[in-house]
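# sequence plus predicted model, see below.
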Amino acid sequence: MVITNDVFGLTISQFERMYKACLERRKIHEQYILNLRYPDKSSKEYLEYLENCTDCIKDHLRWIDPRDKCLYEHLVQIVGSEIDIRTRQRLFIINDMIIKASGFPSRTHIFSGSLAEGLDLPGSDMDVMYVMNNYKVIHNVENIKNQIHSTTFFVMETDINHPGFAKLRHVRKESLHNEVYPRKQCSYCPPGTCTGSRSYLSVNRFLNRVKDRYPDMEVIIHGPCISDKAQTDDIAFCIRSKYLPHNSIPWASRHRLQWPPSFVIDRIMKYGCLFVPIGPKTMPDNDFLWRVSFSVAEKILVHSFTYTKLLCYGLLKLTLKYIVNRNIEGKDLLCSYFLKTALFWVSEEVDIDTFQISKIYYCFSLCLDKLKAWVHTCYCPNYFIPEHNIFQGKIDQSNNKILLGVLENIKCRGVNGLTENLFTLDNAHQYLSSTKSRSSFILLDFLLYRTTCYVISKIREGKDFYKALSCIDSLQKSESSIFIFDACKSYRDRISEKMAQMLPPPNTIAQHVHYGQHSSLIPEELRLEVEFSEMNILPNVMSRCLRFLCYHHLGDISNRRQSLRDLYITVKENDVRSLNTESNELTILGVCFDISGDKDIAYQCYEEALQCDMDVCPSAHARISKLLEI
């Protein structure tokens, strides 16, 4: 049979041309299509898509310039594949969920910074924010729908002269009922800070009150953070507002191309913003201006980045660390936040399909040009509040020429100069060189170890461990990523281990080890023993049983045989006997002989267990039945 035309009158060759043209359009607009399908690229759905994607070579690597290919290959070694980055993002999301579920009603834990954004670069730290849940910031009194007695409300009063900062005016409970309340000192403000009947939350008083929460630790106030003496662990305590400041509202509707998508804008508008206890750099002694923080919003934005943008972000951060900050005069003038701001503005202003992997250096150059223009005018507009110049107090006419020279030199040296400066094998870049030799899964395992230790340290009481375990069980049922599933398993194991360590020690050698019905702590080989009821057993018997099982799983036949002899002697000739556990111990001995392949002795142990006078082990009969089936 020969097919010449289809029902629509298209020849086979015409159909092929249209199909190829469709594929070509899909390749060109891949970023746009993915952005529509997966606006939140830190979601489990997108991670599942990446793990199942057969077309893993992004953009089909149609390199216009081989130098771009070289830069890209170096970047992937340092920044990671897209799966690596999305896995890190997802890991920190579930970390926040576990800590939140474990029970801290007075505060909400939020990971922020580069690691939470998915970039594990040299020097990346785990930045943490604590949102104080008993404080709320509102636009006006009418925003209070339900008066919560444990919550203290503040009205934000933005400062025209300092965009990006606000005063937090305390709302007394009397004002909620439109009553005239007398002028009196607010407990949140130091003497002399009340104006008429108004009182404002003091930055220093707030920080000192937070500092008092750690009476047993030597902590210091480090900027807006509470830090340990070594400044290795910074925690930013902040207050949430579900409402964005009035001067940031235009952000949601201003003209932009395809990024950020509406889904992301809606999430940010729904969350609101945070207030951190630090004033403008030009007014270090101001005690009443709080900085508006969009940390959560920025993390949402970075999580919506395409892979090319994430690589570009990583390239900007590496350039800052290994090129800009190596210039003695220009060191510390730029910071990562300025780079991220530049990438936000560029992402909004250009077509999303501009960010192709094959154009990685061009994308980097767009951000570099943006930075140069800002440094030239000494004005860097905050992404959400453009009237707020975030260069203020940092870059001005006295130092911008130095920084411009550094940036211009980076641009003049081009892609080859950038690659050579960042990835040459010399002592100055020893860390970057060594990173290449380590597989991505090893780096992820290191990160998992760090986060596991941190998360476990935040769970303090026994009841909180049970809450955390419940959350982990739920995550294991819903998460599709193999790494995230295994991470949850690791958390479960570590929490169970810590819970076991918190159990009180036995007072005497005859005290029982108790396993509840369906206990998750009992070895897999003994699950049948707790299927029908709880089980008690002497600790010396159980310890020898565990020793036997350990050698069994290690395949150490010689030590397994010796452990079985020790267990037999302990059960049969034990001077310390417990009549109500004897049947359980004989059954366990039988299980161990069964595992070793000695079915006859196992049968005898089960029979003896059934003949005991007290508390006959309910699984002994089932064990005999299983033996007879064989």
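Ah, there it is. Numbers count the residues shown, from 1 in each chain.

# so which elements touch the helix or strand hosting residue 309?
Element membership for residue 309 (DSSP states H and E) is helix 307-322. The contact analysis (3 or more CB pairs under 8 Å, 6 or more residues apart in numbering; DSSP states H and E) places helix 307-322 against helix 66-79, helix 82-101, helix 336-349, helix 360-377, helix 400-423. Glycine gets a C-beta too; all of them are placed from N, C-alpha and C.

# if you set the cut-off to 7 Å instead, what comes out?
Judged by 3 or more CB pairs under 7 Å, 6 or more residues apart in numbering; DSSP states H and E, helix 307-322 is in contact with helix 66-79, helix 336-349, helix 360-377, helix 400-423.

# how about residue 242: what's its closest non-neighbour residue?
The shortest distance from residue 242 to any non-neighbouring residue, by CB to CB, 6 or more residues apart in numbering, is to residue 272 (4.2 Å).

# isn't that neighbour right up against residue 245?
No: applying CB atoms under 7 Å as the test, residue 272 and residue 245 come out as separate, 9.5 Å apart.

# higher neighbour count, the two?
Per other CB atoms under 10 Å, whichever of residue 272 and residue 245 has more neighbours is residue 245, with 22 against 16.

# from residue 139, how far off is the more buried one?
According to CB to CB, to the nearest Å, residue 245 stands 9 Å off from residue 139.

# what touches both of these two?
residue 156 (CB atoms under 7 Å, 6 or more residues apart in numbering).

# what is the neighbour count of residue 499?
Count around residue 499 with other CB under 10 Å applied: 16.

# which segments of the protein make up each domain?
104-174+186-304, 513-628 (the TED database).

# lowest average pLDDT across these?
By mean pLDDT, the lowest-scoring of the domains of the chain turns out to be domain 104-174+186-304, with a mean of 84.

# one step back: so for residue 320, which of the domains of the chain sits nearest?
Nearest to residue 320, of all the domains of the chain, is domain 104-174+186-304, at 10.4 Å by CB to CB.

# ends of the closest one, what's the gap?
Using CA to CA, to the nearest Å, one end of domain 104-174+186-304 lies 29 Å from the other.

# and what of stretch 376-394?
Note: stretch 376-394 ends 13 Å apart using CA to CA.

# average pLDDT for it?
Stretch 376-394 comes out with an average pLDDT of 95.

# list the buried residues for that stretch?
For stretch 376-394, burial by neighbour count (16 or more other CB atoms under 10 Å) applies to 378, 380-386, 388-392, 394.

# identify all contacting residues around it.
The contact list for stretch 376-394 (CB under 7 Å, 6+ apart) reads 163-164, 247-248, 251, 280-282, 294, 333, 338, 341, 344-345, 374, 395-397, 400, 404.

# quick check on those residues: which are buried?
Buried among these by 16+ other CB under 10 Å: 163-164, 247-248, 251, 280, 294, 333, 338, 341, 344-345, 374, 395, 400, 404.

# out of those, which is nearest to residue 614?
residue 294 (67.8 Å).

# OK, contacts around the closest one?
By CB under 7 Å, 6+ apart, the residues touching residue 294 are 273, 384.

# can you give me phi and psi for it?
phi -110, psi 30 (degrees, to the nearest 10).

# same check on residue 131?
Residue torsions, per degrees, to the nearest 10, at residue 131 are phi -90, psi 120.

# what of residue 514?
According to degrees, to the nearest 10, residue 514 has phi -110, psi 130.

# give me the element the closest residue in space to it that isn't next to it in sequence is part of.
Nearest residue to residue 514 in three dimensions, chain neighbours excluded: residue 536, at 5.5 Å (CB to CB, 6+ apart). Here residue 536, judged by DSSP H and E, is contained in strand 535-537.

# same check, this time on residue 238
Going by DSSP H and E, residue 238 is in strand 234-241.

# need the contact list for the most centrally placed residue in the chain.
The centre of the chain sits closest to residue 92, judged by CA atoms, centre = their mean, with a distance of 1.1 Å. Contacts for residue 92 (CB under 7 Å, 6+ apart) come out as 111, 115-116.

# quick one: the residues you listed as TSV, columns for neighbour count, distance to residue 201 and secondary structure too.
Output for those, formatted as TSV (neighbours: other CB atoms under 10 Å; distance: CB to CB, whole Å; DSSP: H, G, I helix; E, B strand; the rest coil):
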residue	neighbour count	distance to residue 201	secondary structure
111	20	26	strand
115	21	30	helix
116	26	27	helix
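
# nearest to residue 414, of those?
residue 115 (31.0 Å).

# check the gap between that closest one and residue 127 for me.
Per CB to CB, residue 115 is found 8 Å from residue 127.

# could you do residue 532 as well?
Residue 532 is 50 Å from residue 127, by CB to CB.

# okay, those two: which has more neighbours?
Taking neighbours as other CB under 10 Å, residue 532 and residue 127 compare with residue 127 leading, 19 against 13.

# and for the closest residue to the more buried one other than its chain neighbours, the neighbour number?
Take residue 127 and drop its neighbours on the chain: the residue closest to it by CB to CB, 6+ apart is residue 113, 3.1 Å away. Applying other CB under 10 Å, we find 18 residues neighbouring residue 113.

# which phi and psi does residue 113 have?
phi 90, psi -170.

# give the contact list for the closest residue to residue 519 other than its chain neighbours.
Leaving out its chain neighbours, the residue that sits closest to residue 519 by CB to CB, 6+ apart is residue 530, at 5.2 Å. With contacts defined as CB under 7 Å, 6+ apart, residue 530 is in contact with 515, 517-519, 522.

# equivalent analysis for residue 545, please.
567, 588, 592.

# switch to 8 Å and redo it
Counting by CB atoms under 8 Å, 6 or more residues apart in numbering, residue 545 makes contact with 523, 526, 567, 588, 592.

# repeat for residue 263
39-40.

# now it: which helix or strand?
Using DSSP H and E, residue 263 sits in helix 262-271.

# now that helix and strand 234-241, what's the angle there?
Per axes from the mean of the first three to the mean of the last three CA atoms, to 10 degrees, the angle that helix 262-271 makes with strand 234-241 is 90 degrees.

# and helix 262-271, what's buried?
Neighbour-count burial for helix 262-271, counted by 16+ other CB under 10 Å, picks out 264-265, 267-269, 271.

# again with stretch 86-94
For stretch 86-94, by 16+ other CB under 10 Å, it's 86-94.

# all set, thanks.
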